[in-house]
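Colleague: turn this into a model:
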Amino acid sequence: MTLVLYRIDDRLIHGQVVVGWGQPLDIGFIVLVDDMVAASEWEQDLYRMGVPPEMEVYFHSATDAIAALPKYRADSRKGILLTGDIATMRRLVDGAAVNAVNVGGIHSRAGRIQRMRYVFLTPQEEQELRDLAARGATVTAQDVPGARPVSLDDLIAGAEP
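Modeller: This is a model prediction of the structure:
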């Protein structure tokens, strides 16, 4: 099939991704793009423990992921690509023509303003999301498949359904 979801979620692989998205979308693999995780066998082992044995997980740095995306897009199974931050997703949008981005979870920390119950953004992060859209990616926020996707404008305005 192909990569059916490009998701920004600072928790990376967790139950909501594996069960909430993976099962309804019949996912066969996850591509986790994070420079630090890609360099750490220990962290990779931790993330693999959260995935059922029939679902494969691949780890890449942002640079390596751009080169590997054609392989994943040609895979006969459905897959999810995950990044933990907007900047990493931007590198993929710039280098690999990603046309739709799901904001799934960017959580509270100093300097961030709550926009939805699961999305907190700094002004710089808001601009980074706008930059993704300006580069041709449709940006929506959606925590689970059954929820209504929230447009980028509504996300930044804090207009949660």
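Colleague: so where do the strands sit in this structure?
Modeller: All strands of the chain, identified by DSSP state E, fall at 3-9, 27-33, 56-60, 78-83, 100-105, 113-116, 119-121, 138-141, 150-151.
Colleague: any chance of those strands in JSON lines, plus mean pLDDT and distance to residue 49?
Modeller: For the C-beta atoms, the positions are set from N, CA and C on the backbone; glycine is no exception. Putting the strands of the chain into JSON lines (pLDDT from 0 to 100; distance: least, Cβ to Cβ, whole Å) gives the following:
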{"stretch": "strand 3-9", "mean pLDDT": "96", "distance to residue 49": "17"}
{"stretch": "strand 27-33", "mean pLDDT": "97", "distance to residue 49": "13"}
{"stretch": "strand 56-60", "mean pLDDT": "97", "distance to residue 49": "10"}
{"stretch": "strand 78-83", "mean pLDDT": "97", "distance to residue 49": "16"}
{"stretch": "strand 100-105", "mean pLDDT": "96", "distance to residue 49": "20"}
{"stretch": "strand 113-116", "mean pLDDT": "95", "distance to residue 49": "29"}
{"stretch": "strand 119-121", "mean pLDDT": "96", "distance to residue 49": "27"}
{"stretch": "strand 138-141", "mean pLDDT": "97", "distance to residue 49": "28"}
{"stretch": "strand 150-151", "mean pLDDT": "96", "distance to residue 49": "31"}
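Colleague: all helices for this structure, in order.
Modeller: 15, 35-38, 41-49, 62-73, 86-96, 123-134, 152-157 (DSSP state H).
Colleague: identify the residues contacting the least confident helix or strand in the chain by mean pLDDT?
Modeller: Least confident helix or strand, the chain: helix 15 with a mean of 88, by mean pLDDT, DSSP states H and E. Helix 15 is contacted by residues residue 50 when judged by Cβ atoms under 8 Å, 6 or more residues apart in numbering.
Colleague: so how far is residue 37 from residue 82?
Modeller: Using Cβ to Cβ, to the nearest Å, residue 82 is found at 10 Å from residue 37.
Colleague: neighbour count winner among these two?
Modeller: residue 82 (28 against 21; other Cβ atoms under 10 Å).
Colleague: ok, residue 141 touching residue 153?
Modeller: No: counting by Cβ atoms under 8 Å, residue 141 does not reach residue 153; the two are 10.9 Å apart.
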